[in-house]
Structures are given as structure tokens and as C-alpha cells.
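Enquirer: here's a sequence, model it:
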Amino acid sequence: MNIFVLLKQTFDTEERIVIQNGEISDDGVKYVMNPYDEYAVEEALLQRDRHGGTVTVLSVGPERTAEALRTALAMGADEAVLIQNDGLETDEYTVSRLLAAYLEKQSYDLILGGNFSVDSGGGQVAVRLARLLDLPHTSSITKLAIDGQKAAVERDAEGDTESLEVALPAVFTAQQGLNEPRYPSLPGIMKAKKKPFHQVTPAELGLENADVASKTQRVSLSLPPKREAGRILQGDYAQQAAELVNLLRNEAKLV
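Expert: Have a look, this model is predicted:
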């Protein structure tokens, strides 16, 4: 079974966001593997151990993204591929086009990714990729069982659980609860240094920058307004209710 995992490098969730000149500053920032992608990597390893085959982690990003890919190799993935996007403005359209250009030349049985990325909150890439490759797709899975060329999955559906049967190959995105990601061991970290690590440019995929130009443009970026201190309303219940309505209408502009 050939398994590919879509992986993204994101800010550590503990990092404080600083905006300078309308852009998020990455000065001294720690980058990590997108947390939801950890579930995808772990599931790929579990499925490989059950059914045999290989796990390849695949990412689009700058040179620093290699660190997240090597973390996945240390967890147990067999190979890593970095599609370089240095100097290229990217959005979900760009990333999915680059991934599709690479994967359409590969043999795959299963493609896994995280439910969404914690930096932008986006969850479009896997859906777009499935469309480009003409593959079935199920998001937010919390259980995956493969039998031959079929997969039985359970997915989180607005607080409920939906059960589906999907023909392989297919694309799935992992939700929290699918598994418990392992930590890279010291032997795993040492082995990762010797595992195949490939770097590919858009040109090597037969794409010019114009072919994968971003379809969206960020117009502005700002932090939320600073929260004001809370207020304690005085008087009896009727007076408090009247004051609350007044504040909501005239200060908060909510009614």
C-alpha cells in the first residue's frame, strides 16, 4: 500500500503573534508540524504496519519546512518530498495544484492530511486536491478501517458521528481523536537522517509560476481590538437590565 501524507509546517501554537508592517513577523518564531497533520502521519504509520507498504510525507513550503518533514521521518515515515515554493506567493489553490502535479505522476492507494491548519484555519487543500485528482474525499475522520480496496470510516459531523464506506484510492483528513500521535524516538531521529528526502521545484513538475499563481490576495491584517475591562452593573434587576440594553445598543452597537 502506497500512502501519502500531506503535511504543513506552522507556527507553534504557543507562539505570540506579532504584526509588523501588515505582516506576521516570524523573527525568532518556533515552527512545528501542523498538529492535525500529526494525526494523519500516525494513522498512515498504523495502516502501513497493518497492510504493508510505504509512507511518504509530502509538503509545499520554503526550505525550513524540511524540519517538519524530518520530524515525520523520525516518527517512522519512509520517505519525504518537499515541493519548494521559495519566492512564490501561495494560497490553497497554489498548494493543491503543486501537490496534484506531483501526485498525478505517483502510484497511491491512500492520501491523508490534517483536518485543517492551525495558522490560517483553512481546510481547503485536501478538498481541492481530491477534486484535481478525481478522488473521493471524506473529512474529519475519527476512525479508519481498510479492507482490500474499500475503507470504512467514521467522521465527526457537527457533534454526531457519520459512518461511510469509500472506495480506494481516496483522500481523508484526520480529526482529533483518530489516534494518539507518537513522539519521535532517539533511534527514529537517527534513522531519519538516512531516509530518502527529495526536493522538487515547480518547474520540475512542468509548472510555471503563472500556472500556480495565487488566486487570493490579503488586503489587510490586524490583531483583534484589545479587550476592555469588565463592568459590574449596579441597581436592582430592572435597572441592571435597562443599563445592559443601553450598553449593547449605544456602546457595543449589537442591538
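Enquirer: give me the contacts around the host helix or strand of residue 102.
Expert: Element membership for residue 102 (DSSP states H and E) is helix 92-103. Residues outside helix 92-103 that contact it (CB atoms under 8 Å, 6 or more residues apart in numbering): 4, 6, 58, 60, 81, 83, 85, 88, 111, 122, 124-125, 128-129, 132-133, 200, 202, 205-207, 211-216. C-beta coordinates here come from the backbone N, C-alpha and C atoms, glycine included.
Enquirer: among those residues, name the ones in helices.
Expert: Of the contacts of helix 92-103, the ones assigned to helices by DSSP state H are 125, 128-129, 132-133.
Enquirer: report the buried members of these.
Expert: Taking 16 or more other CB atoms under 10 Å as the criterion, what is buried in the ones in helices among the contacts of helix 92-103 is 125, 128-129, 133.
Enquirer: need these in JSON lines with pLDDT, can you?
Expert: What follows is these, written out as JSON lines (pLDDT from 0 to 100):
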{"residue": "125", "pLDDT": "94"}
{"residue": "128", "pLDDT": "95"}
{"residue": "129", "pLDDT": "97"}
{"residue": "133", "pLDDT": "97"}
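Enquirer: name the nearest of those residues relative to residue 244.
Expert: Nearest to residue 244, judged by CB to CB, of those is residue 125 at 43.6 Å.
Enquirer: quick check: that closest one vs residue 154, distance?
Expert: Taking CB to CB, to the nearest Å as the measure, residue 125 falls 22 Å from residue 154.
Enquirer: residues in a beta bridge with the closest residue to residue 48 other than its chain neighbours, which ones?
Expert: Closest residue to residue 48 apart from its sequence neighbours, by CB to CB, 6 or more residues apart in numbering: residue 55 at 5.1 Å. Residue 55 forms beta bridges with residue 3, as assigned by DSSP bridges.
Enquirer: work out for me the element the closest residue to residue 177 other than its chain neighbours sits within.
Expert: In this structure, residue 177 finds its nearest non-sequential neighbour in residue 142, 4.7 Å apart by CB to CB, 6+ apart. Secondary structure assignment for residue 142, by DSSP H and E: strand 137-147.
Enquirer: now do the buried residues in that strand.
Expert: Applying 16+ other CB under 10 Å to strand 137-147 flags 137-142, 144, 146 as buried.
Enquirer: of all those, which comes closest to residue 225?
Expert: Using CB to CB, the buried residues of strand 137-147 come closest to residue 225 at residue 140, 31.7 Å.
Enquirer: measure that closest one to residue 45 for me?
Expert: Where residue 45 is concerned, residue 140 sits at a distance of 20 Å (CB to CB).
Enquirer: can you check residue 14 too?
Expert: The value you get for residue 14 to residue 45, if CB to CB is used, is 26 Å.
Enquirer: neighbour count for these two, which is higher?
Expert: The residue with more neighbours, out of residue 14 and residue 45, is residue 45; 21 against 7, by other CB atoms under 10 Å.
Enquirer: so what's the more buried one scoring on pLDDT?
Expert: Per-residue pLDDT puts residue 45 at 98.
Enquirer: how about it, what does it touch?
Expert: Going by CB under 8 Å, 6+ apart, residue 45 touches 55, 75-77, 182.
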